[in-house]
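A.B. asks: I'd like to go over a predicted model; first the sequence, then the structure.
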Amino acid sequence: MMRNAILFPALFFVVCATSAHAKPAVDQPQLPATYVPSGKQMFKDYCAACHGADGKGRGPVTYSLKIPAPDLTTLAKRHEGKFPTDYVSSILRFGPGFSAHGSADMPTWGALFQYLDKYNQAAVQKRIKNLCDYLASLQEK
Ligand code: HEC
């Protein structure tokens, strides 16, 4: 409990601090052209702390979690050799909580992206797509 109370505000701060760079230079009144970082950049900023810089699940934070962050380079291997885009998108959007082994340790990125992208659905979708494309590129053969 205590650990989450510390980790989540800290994580939120990191994400907000990072997004400060991402703000468009000019604040347009409607439909701002929301800047969406590359999958590689977002992975480094948002995921590597737990899943490791190489995606293999050995990030510095993972040791304090109840369930260690899984190896994300074996997703294809574990899903009949095909990168499970729908599965990963849905985890990013809604969190892994719906699965039988769901935990509260994996943040629900959808809600955070909604906030960062000011509820611009196209931008939220692009973030998730960029992350999926990047993860697909990390898959073990
Ligand atoms: C605070 C630590 C933490 C961070 C940060 C984090 N994850 Fe996770 N992630 C986990 C944990 C723990 C699980 C396992 C959850 C479970 O099984 O209930 C997980 C599970 C997953 C899964 C399912 C893996 C599988 O083998 O089925 C994917 C995909 C995933 N994370 C992607 C990401 C991405 C992409 C990011 C960055 C946007 C991210 N995670 C950031 C801790 C984290």
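C.D. replies: That came through fine. Residues are numbered from 1 along each chain as shown.

A.B. asks: ok, Tyr46 - how many residues close by?
C.D. replies: In terms of burial, Tyr46 registers 22 neighbours under the definition other CB atoms under 10 Å. Any C-beta I mention is one placed from the backbone N, CA and C, and that applies to glycine too.

A.B. asks: low pLDDT regions in this protein?
C.D. replies: Of all residues in the chain, those with pLDDT under 70 make up the ranges 1-33, 97-104.

A.B. asks: what about the helices in it?
C.D. replies: Per DSSP state H, the chain carries helices over the ranges 2-22, 39-42, 48-51, 75-78, 85-94, 109-116, 121-137.

A.B. asks: show me what from this protein comes close to the ligand.
C.D. replies: Applying CB under 6 Å from any ligand atom, we find that the chain lies next to the ligand at 46-47, 49-51, 61, 65, 67, 69-70, 72, 75, 88, 91-92, 96, 101-103, 105-107, 109, 131.

A.B. asks: please indicate which of these are buried?
C.D. replies: Neighbour counting with 16 or more other CB atoms under 10 Å marks 46-47, 49-51, 61, 65, 69-70, 72, 75, 88, 91-92, 96, 105-107, 109, 131 as buried within the residues of the chain next to the ligand.

A.B. asks: what sits against the residue nearest to Phe113 when sequence neighbours are not counted?
C.D. replies: Taking CB to CB, 6 or more residues apart in numbering, and ignoring the residues beside it in sequence, Phe113 has Val124 as its nearest neighbour in space, at 4.6 Å. Contacts for Val124 (CB atoms under 8 Å, 6 or more residues apart in numbering) come out as 110, 113-114, 117.

A.B. asks: pull out the buried residues from those.
C.D. replies: Judged by 16+ other CB under 10 Å, buried ones among the contacts of Val124: 110, 113-114, 117.
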